[in-house]
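K.L.:
Here's my sequence, what's the structure:
(chains A and B)
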Amino acid sequence: MEGLLYLLDLQLLTMIFTGVLVGIVFGAIPGLSATMAIALFIPITFTMSPVTGISFLLGIYCGGMYGGAIPAILIGTPGTPGAAATILDGYAMGKKGEGGRALAYATVGSFIGGLFSCIVLILLAPQLASFGLKFGGPEYFALGIFGLSIVASISGENVLKGLIVAAIGLVIATIGMDPIMGSPRFTFGSANLTGGISFIPALIGLFAISQVLVDSEQQNETLSKKEVNYQRQRVSIKEIASKWIEFLRASVIGTIVGIIPGSGSGISTFLSYNESKRFSKTPEKYGEGIAEGVIATETSNNATTGGALVPLLTLGIPGDSVTAVIFGGLLIHGLTPGPDLFANNLDVVHGLFGTLIIANIFMLILGMFFIRYLVKIASVPKNVLIPIIIVFCFIGSFSISNNLFDIWIALAFGVLGYLMVKFNYPLPPLILGMILGPIIESNLRRSLIQTDEGLLIFFTRPISLLFIIVTVLTLLYPVVKKLVKQRKFAGL
Amino acid sequence: MYVEGFAMRGEWISHISVFIFAVATYIFTLILPSPLSVGGGDVGSYFFPKVIIFVILTLNSLSLIGLIKKGKKVVCNSSVKQPPNKKGYYKVAVLISLMVVYIAMLPLVGYVVSTLFLLVLMMLIYNVVSYKLFVFIPIGVVSILFFVFESFLRIPLP
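P.N.:
A predicted model of the protein is given here:
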């Protein structure tokens, strides 16, 4: 457990605290998000040590997931997608003058959910990682294809469009040097493209600049300052303890949903809310402003953080867009997520486990004692913030490798992301394709080169075959679900 | 009706754009080095891009067929629920142009001047009216970023 010694470093603790604060700020402003915050601040972590840099990003992750509750409860607008379900009872409590209590329950719930999922991560991750060490080329290829099948679940209704976007991401990943032959591909003679498309500027463009362009279409009135009404209210330990079953149920649901690649807090919060209502003795009160509604959503929201890190850290498969961005952060620090991370950098992994626990503690402290200052964030006018974010995007992109070309990449992907949103194409699959492209291609080609079996190699190895079967089932599931729904509807 | 027509046109444009992208990528693969023939299969430099192009064309065709078959029903379920916001599009076009000018100016006049210029113009576009914000935000942001990157992180700015 040498990794835990990292936690004695004051600089590390300061960065975790700063990360949580930054995350809360970004989560609390509608239109910004934890994903955007992590993408923007990755360049800043470049000069830090791996543990410090990743800890800062994980702090943003934890804080960002919680921060979305603030505007959801106070102004009825979710700061993050995961906070959408919190509006159901949180905003209703706010309108009744109980916004302070709702925020207190959200803070405690986020802490408990986050901590629970951390413990599950610490217990489960090493076991999964040791399973992953048995992987060879065919298994990694099949795992990469399985990762892409996640696209089917994160693309919402547009499964085909999600798969098309993921495939485009795979093509973009081939720009640069061929990993097997070492020859340039799609570089058009440009030295800047020889190393491929820089991942972090592409990420910044896709998640930050594109969002800014989408927001810019709105009327200027909607971007200006909003009034926030907040009165400080406390919740007793006795009240919290009396609802322990709600906290536990939501924590379990959030963690399990987080572990499943492709699902995220958007699904876990509504699922948890529905289950809480189902088990309640007074389900008719849900939606009118009761604490159990807020507990169910916010606890499961933060419980997905630890869960989503399980497939990322152990198998190198990002579970959602936030973990896809964190993947980029790990790469920039020379850490490749997957089984090898546990084999070669176990102290770093233990350090990150400790970081998550401390980040949740800092989130609790900030939420309990400084909430009256944090709520003012929700009223910051976006028409002042957006220009600042743009500058940050460009300077951050430049700082990766001191190359002006990276700023052009960020802008190009920002425009591409904007067009994708306008034409109803999902964004996360593009990043997934770019991340998994090198893994899929190099393992596919190496496996084919090393064997005479051809494509049969992927079906004769049991782990590879298992991944392929799960992939096919994952891709077919939305189609089958739709057909069953249509049949039921026709039958009615 | 106008919204449906607009959304339908958007779907056609996007599908044709994907088709053009796939065809253009295929053409570019024709100028890559010769494949490395090993063990009964060609797995050279353009093997993987060609496989993916085939996948893109297949998926795009399936999506297009679905669009033609279901027509308005698909379009009505799409995210386009309001008439196109022309004023918003002009604003986005102006912003993109401004960003292009900013990036082009960076190597010529440096970080400080170009960033001040960008911030002031963007705040004008977003209808910020407070004179105090016009002064303090650009100077503050430029100074803070300069301090954070150049002094604290020792990352040189353009």
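
K.L.:
where along chain B do the strands fall?
P.N.:
Under the criterion DSSP state E, chain B carries strands at the ranges B:37-38, B:41-42.

K.L.:
worst average pLDDT in the ones you listed?
P.N.:
Mean pLDDT is lowest for strand B:37-38 among those, at a mean of 46.

K.L.:
Please tell me how far the residue positioned nearest the centre of chain B sits from chain A.
P.N.:
The residue lying closest to the centre of chain B (C-alpha atoms, centre = their mean) is residue B:96, at 9.9 Å. Distance, residue B:96 to chain A, by C-beta to the nearest C-beta, to the nearest Å: 6 Å. Where C-beta positions appear, they are placed from N, C-alpha and C, glycine not excepted.

K.L.:
Could I get the average pLDDT for stretch A:469-485?
P.N.:
pLDDT averaged over stretch A:469-485 gives 80.

K.L.:
Flag every buried residue along that stretch.
P.N.:
Residues of stretch A:469-485 classed as buried: A:471, A:474, A:475, A:478 (neighbour count, 16 or more other C-beta atoms under 10 Å in any protein chain shown).

K.L.:
Which single one of those is nearest to chain B?
P.N.:
residue A:475 (11.3 Å; C-beta to the nearest C-beta).

K.L.:
so the closest one is in which element?
P.N.:
helix A:462-491 (DSSP states H and E).

K.L.:
Run the chain-centre distance for that helix.
P.N.:
25 Å (C-alpha atoms, centre = their mean, to the nearest Å).

K.L.:
quick one: that helix near chain B?
P.N.:
No - with C-beta under 8 Å from any C-beta of the partner chain as the criterion, chain B is not reached by helix A:462-491; the gap is at least 11.2 Å.

K.L.:
how about the nearest residue to residue 116, chain neighbours excluded?
P.N.:
Since you didn't name a chain, this refers to chain A. Nearest in space to residue A:116, with sequence neighbours left out and distances taken as C-beta to C-beta, 6 or more residues apart in numbering or on different chains, is residue A:251 at 3.8 Å.

K.L.:
I was thinking of chain B, sorry if that wasn't clear
P.N.:
Closest to residue B:116 by C-beta to C-beta, 6+ apart is residue B:138, at 5.0 Å.

K.L.:
do residue A:368 as well
P.N.:
residue A:107 (5.9 Å).

K.L.:
three-state assignment of that neighbour?
P.N.:
helix (DSSP: H, G, I helix; E, B strand; the rest coil).

K.L.:
OK, contacts around it?
P.N.:
A:66, A:363, A:364, A:367, A:368, A:371 (C-beta atoms under 8 Å, 6 or more residues apart in numbering or on different chains).

K.L.:
gap between it and residue A:371?
P.N.:
7 Å (C-beta to C-beta, to the nearest Å).

K.L.:
same thing with residue A:12?
P.N.:
Going from residue A:12 to residue A:371 by C-beta to C-beta gives 25 Å.

K.L.:
Those two - which one has more neighbours?
P.N.:
residue A:12 (22 against 18; other C-beta atoms under 10 Å in any protein chain shown).

K.L.:
The more buried one is in contact with residue A:54, isn't it?
P.N.:
No - checked against C-beta atoms under 8 Å, the pair residue A:12 and residue A:54 is beyond contact range at 10.3 Å.

K.L.:
list the residues that contact both of these two?
P.N.:
Contacts common to residue A:12 and residue A:54, judged by C-beta under 8 Å, 6+ apart, are residue A:355.

K.L.:
closest point of chain B to chain A, which residue?
P.N.:
For chain B, C-beta to the nearest C-beta, closest residue to chain A: residue B:88, 3.2 Å.

K.L.:
how close does that residue get to residue A:216?
P.N.:
For residue B:88, the distance to residue A:216 - C-beta to C-beta - is 7 Å.

K.L.:
Equivalent analysis for residue A:434, please.
P.N.:
Taken as C-beta to C-beta, the span from residue A:434 to residue A:216 is 25 Å.

K.L.:
Who has more neighbours out of residue B:88 and residue A:216?
P.N.:
residue A:216 (24 against 15).

K.L.:
List the buried residues in the biggest helix by length in chain B.
P.N.:
Criterion DSSP state H: the longest helix present in chain B is helix B:2-29. Residues of helix B:2-29 classed as buried: B:7, B:8, B:10, B:11, B:14, B:15, B:18, B:21, B:22, B:25, B:26, B:29 (neighbour count, 16+ other C-beta under 10 Å).

K.L.:
Lowest-confidence entry in these?
P.N.:
The lowest pLDDT within those belongs to residue B:7, with 69.

K.L.:
Can you list the low-confidence ranges for the chain?
P.N.:
No chain was given, so I picked chain A. Within chain A, the ranges that satisfy pLDDT under 70 run A:1-7, A:151-157, A:219-230, A:262-265, A:378, A:491-492.

K.L.:
could you do chain B instead?
P.N.:
In chain B (pLDDT under 70), the answer is B:1-7, B:32-42, B:71-84.

K.L.:
where exactly do the helices run in it?
P.N.:
B:2-29, B:47-70, B:72-76, B:86-109, B:111-125, B:131-146.

K.L.:
how about the residues of the stretch 1-150 of chain A near chain B?
P.N.:
A:43, A:44, A:46, A:47.

K.L.:
Having no further points to raise, I will conclude here.
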